[in-house]
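# sequence unknown, structure follows:
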């Protein structure tokens, strides 16, 4: 049976099985959802076993468990290790959602729900592609699954899990769908991911909130100070001012920049899609380059003082912010975090105290386009899309991907089917049905081509 026919015959079941995962609010960053993490792992186990795995285990870590499964057809054949994550981002601000975040709705050709794309929808494509190959007797490789529950909080437990289970996780390539394509009619393969550093900062002034009339103008306001400090982290050219920040940045060649420029990109459509009047970023680089080959620094959240209804005239005792920096090869996130902490503290006047708490981070990753897995992915996309995929560098980060290479010595191939319009991490996350089913259709061809190239 052809894959398209199999999808057509089972598409309603596929969706309902996916929805059974989506309905579980597996938010890893909120402790109250710990039981949901266990439930989601258990549901994944059931689905992978039903798809045809020889065995599947829910394996404990210091944090949320890892779902590990395998199917061995011949120890002499190549092994593909599928990686995905079952945790999702928080849904706040929930009032901006048009549907209930954890009650998936199909409307206008899209699945609307938290996790529809990132990463339940994309990971689930692999389970169904695997199911098709097993049920029809066409599986050409050994397959392993590793699904974690902490990707959205930095995969904090997975590094040790990999170190402790190197033999079990042996494979020829790691196959991942947690990235995007350029467009629904323009396939692409992500060949690079930016690294990440993420910190929380706290600025403390007086030992309690003060009356802004009695003390205003005489005591440092931590919110005012924090805003001033953040404003000094970039200059008029949007160049990051942290000393040493760019010391290890791997500069892309002119040839690579010219290749990147060939990717279809309409700046007017880009601005329209996110409703901005103009683009913004580091001087001397295009938008594609700014998110692909250059580092960046952003304040991701800021709070302090009174934010409730009505007025409360206080100078707050503390102000807080969360700050991220996206990194490129060959930046070390631990070194950059130290550089940031030292510099940020130096920006503070003597009237306040500053704390910098590192939360998580990871290294950038680059995937060569001459390795067998890339060529197999390329042929798979050509088969289903009729076009050669464009190699692209993603502005996003999946820190564990670089960790896999460092710990397991295995490269990853990033076959993403998401779109930039899927609103991952935002209200109204969605995933086009076309992309979901196209992913299931494409993945089996990767196995076929990879097995042939590895003979």
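Thanks, I have the structure now. Since we're looking at a predicted model, the values are computed, not measured.

# Helices of the stretch 251-400 of the chain, residue ranges please.
Listed in chain order, the helices found in the stretch 251-400 of the chain under DSSP state H, counting those that start in this stretch are 254-260, 267-274, 287-292, 333-346, 372-385, 399-408.

# which helices and strands sit right next to the fifth one?
If you count contacts as 3 or more C-beta pairs under 8 Å, 6 or more residues apart in numbering; DSSP states H and E, helix 372-385 packs onto strand 173-176, strand 188-193, strand 412-414, helix 433-453. Any C-beta I mention is one placed from the backbone N, CA and C, and that applies to glycine too.

# Out of the ones you listed, flag the one nearest residue 307.
Nearest of the helices and strands packed on helix 372-385 to residue 307, taken as C-beta to C-beta: strand 188-193 at 34.8 Å.

# Next, work out how far apart the nearest residue to residue 436 once chain neighbours are set aside and residue 110 are.
When the adjacent residues along the chain are set aside, residue 436 lies closest to residue 121, with 5.8 Å between them (C-beta to C-beta, 6 or more residues apart in numbering). Distance, residue 121 to residue 110, using C-beta to C-beta, to the nearest Å: 11 Å.

# same question, residue 429
Between residue 429 and residue 110 the distance, using C-beta to C-beta, works out to 10 Å.

# repeat for residue 332
Residue 332 sits 40 Å away from residue 110, going by C-beta to C-beta.

# Please name every helix or strand in contact with the helix or strand harbouring residue 159.
Using DSSP states H and E, residue 159 sits within helix 158-164. Counting by 3+ C-beta pairs under 8 Å, 6+ apart, the packing neighbours recorded for helix 158-164 are helix 399-408.

# one step back: look at the residue nearest to residue 436 and give its secondary structure.
Three-state secondary structure (criterion: DSSP: H, G, I helix; E, B strand; the rest coil) places residue 121 in helix.

# quick one, what contacts it?
Residues near residue 121 by C-beta atoms under 8 Å, 6 or more residues apart in numbering: 18, 22, 111, 115, 431, 436.

# so which of those residues comes closest to residue 195?
Among these, and counting by C-beta to C-beta, the member closest to residue 195 is residue 115, at 24.3 Å.

# which of the residues in stretch 235-244 are buried?
Applying a neighbour-count criterion of 16 or more other C-beta atoms under 10 Å, the buried positions in stretch 235-244 are 238, 240, 242.

# I figured the second one hits residue 234, correct?
Yes - with contact taken as C-beta atoms under 8 Å, residue 240 and residue 234 are classed as touching, separated by 5.7 Å.

# Mutual contacts of those two, please.
With contacts defined as C-beta under 8 Å, 6+ apart, the residues shared by residue 240 and residue 234 are residue 297.

# To residue 96, which of the helices and strands packed on helix 372-385 lies closest?
Each of those was scored for nearness to residue 96 using C-beta to C-beta, and the closest is helix 433-453 (23.0 Å).

# mind checking the backbone torsions on residue 81?
Backbone torsions for residue 81, taken as degrees, to the nearest 10, come to phi -100, psi 120.

# per-residue confidence for it?
Taken from the predicted model, the pLDDT recorded for residue 81 is 98.

# Show me the shaky parts of this protein.
Scanning the chain for pLDDT under 70 picks out no residues.

# how is it carved up into domains?
Listed by automatic domain parsing, the domain ranges of the chain are 3-193+364-453, 195-249+295-362.

# Using a markdown table, please lay out these together with distance to residue 255.
Converted to a markdown table, these look like this (distance: least, C-beta to C-beta, whole Å):
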| stretch | distance to residue 255 |
| --- | --- |
| domain 3-193+364-453 | 13 |
| domain 195-249+295-362 | 16 |
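
# now the residue of the chain most remote from its centre, what's its secondary structure?
Among residues of the chain, the one most distant from the C-alpha centroid is residue 214; the distance is 47.2 Å, by C-alpha atoms, centre = their mean. When classified by three-state DSSP, residue 214 comes out as helix.
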